[in-house]
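Predicted model follows, preceded by the sequence.
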Amino acid sequence: MKRIKTYILSGLTVLIFFACEDKMEVYHEGIDRLNFIYEEWNDTLLNRTFVFDDETRILDTVWVELATQGFVTDYDRSFVLEQVMGDTNAAESGVHFIPFNDSQVTSHYVIPAGANEVKVPIVLKRDVSLKTRELAVRFRIGHNENFSSGYPRYQERVITVTDMLVQPKYWTMYASYYFAGKYGKVKHQFMIDATRHLGIKMNDDFFYSLVGDPNSVDMGMTDYWFYFFTYALEEENAKRAEQGLDVLREEPSAGNPEGEIVRFSRYEM
């Protein structure tokens with residue numbers, strides 16, 4: 001069918017995204033390629049946990065974005081995703097996620113006519129084994145009659161999935177610096193319990209809303225949450241003292257057999 005003569009790399013975002021990438025051979029019409037688009041530069045990893053969800057929720061959908069290299073067409077083009085094996089903690093297809101060749105998801109693996117980007121679902125399954133394990137769904141862009149490999153660095157994604165408490169993706173140095181301090185599972189659970197009555201989840205979305213863009217941190221809000229958790233922790237430790245208990249601590253470790261004292265800090269590195 002006739003191609004629409006619109007070269008997709010004219011988009012400024014795509015130009016910037018791939019500007020510093022490895023060189024490839026000169027593009028020839030008829031050779032179309034696909035790449036994943038990452039939320040952050042060279043960030044292939046996405047984390048998901050069911051721990052915040054009601055027990056009745058058994059599926060979770062992660063949306064990933066892809067972009068083409070080549071000409072936009074006036075017809076739909078399907079593509080292929082496939083699991084990459086080899087990880088010792090690899091998730092099991094059909095048990096921990098809907099297989100990449102299942103019609104429930106393959107119907108979404110299409111670049112629509114006139115488009116050069118698409119978001120597609122990766123559907124995770126809440127298997128009982130995730131109560132005690134954190135597994136990895138590693139996948140890549142496959143080859144078919146429509147697309148071949150693009151830039152090697154942008155061919156794979158990894159989604160970790162569990163039903164345990166894990167450090168939120170955006171509890172980074174910025175969250176630690178502005179209000180939360182060092183990450184710890186006991187601290188994280190305390191924060192979950194302290195905000196439960198507010199209907200707030202201490203997950204990726206919460207931390208992203210505060211420090212997802214380091215260039216526009218709302219210090220009024222980070223100050224609010226610092227004082228909120230600091231005062232809540234003081235109340236908790238006061239209750240523990242009345243019961244003859246020690247202050248709240250993280251689980252003992254080889255380097256700290258008593259467990260590190262839970263505390264909130266800001267403007268500390």
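Arrived safely.

Which of the helices and strands in the chain ranks last by mean pLDDT?
The helix or strand of the chain with the poorest confidence is strand 3-7; it has a mean of 41 (mean pLDDT, DSSP states H and E).

Return the residues in contact with residue 136.
By CB atoms under 8 Å, 6 or more residues apart in numbering, the contact set of residue 136 is 87, 89-91, 158-161. For the C-beta atoms, the positions are set from N, CA and C on the backbone; glycine is no exception.

what about it, which helix or strand?
Using DSSP states H and E, the element containing residue 136 is strand 134-141.

Work out the gap between that strand and the centre of the chain.
12 Å (CA atoms, centre = their mean, to the nearest Å).

Likewise for stretch 110-122?
Centre-to-centre, stretch 110-122 and its host chain are 20 Å apart (CA atoms, centre = their mean).

Kindly check the end-to-end length of it for me.
Length of stretch 110-122, first residue to last, CA to CA, to the nearest Å: 14 Å.

My guess is residue 261 contacts residue 247. True?
Yes - Residue 261 is in contact with residue 247 according to CB atoms under 8 Å; the separation is 5.7 Å.

any idea which of the contacts of residue 136 is closest to residue 121?
Lowest distance from residue 121 to the contacts of residue 136 (CB to CB) belongs to residue 159, with 11.4 Å.

That closest one: neighbour count?
22 (other CB atoms under 10 Å).

contacting residues for it?
Counted by CB under 8 Å, 6+ apart, residue 159 has contacts 45-48, 62, 122, 124, 136-137.

Residue 221 too?
The contact partners of residue 221, by CB under 8 Å, 6+ apart, come to residue 210.

Next one: residue 244 relative to residue 217, how far apart?
Residue 244 sits 40 Å away from residue 217, going by CB to CB, to the nearest Å.

Tell me, how many residues neighbour residue 186?
Residues lying near residue 186 (other CB under 10 Å) number 15.

so which helix or strand takes in it?
Residue 186 is located in helix 185-195, with elements delineated by DSSP H and E.

Now do stretch 104-121, average pLDDT.
For stretch 104-121, the mean pLDDT works out to 97.

ok, back up a step: settle it for me: which of residue 244 and residue 217 has more neighbours?
Using other CB under 10 Å as the criterion, residue 244 and residue 217 rank with residue 217 on top: 17 against 6.

how's the chain carved up into domains?
3-162, 167-269 (automatic domain parsing).

rank those by pLDDT, which is bottom?
Sorting the domains of the chain by mean pLDDT places domain 3-162 lowest, at a mean of 85.

and it, how far out from the chain's middle?
Worked out by CA atoms, centre = their mean, domain 3-162 lies 13 Å from the chain centre.

Check stretch 154-171 too.
Counting by CA atoms, centre = their mean, stretch 154-171 comes out at 5 Å from the chain centroid.

Show me what the residue nearest the centre of the chain is bridged to.
Residue closest to the average C-alpha location in the chain (CA atoms, centre = their mean): residue 46, at 2.7 Å. Counting by DSSP bridges, residue 46 forms beta bridges with residue 159.

Nearest residue to residue 186 in space, ignoring adjacent ones along the chain?
If the residues on either side of it in the chain are set aside, residue 186 comes closest to residue 250, at 4.7 Å by CB to CB, 6 or more residues apart in numbering.

how about the strands in the stretch 1-150 of the chain?
Taking DSSP state E, counting those that start in this stretch, the strands of the stretch 1-150 of the chain run over residues 3-7, 33-37, 45-49, 59-69, 71-73, 77-78, 81-83, 110-111, 117-125, 134-141, 148-149.

can these go into TSV with extra columns for distance to residue 176?
Shown next, in TSV, are the strands of the stretch 1-150 of the chain (distance: least, CB to CB, whole Å):
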stretch	distance to residue 176
strand 3-7	43
strand 33-37	28
strand 45-49	17
strand 59-69	25
strand 71-73	43
strand 77-78	44
strand 81-83	34
strand 110-111	40
strand 117-125	28
strand 134-141	21
strand 148-149	38
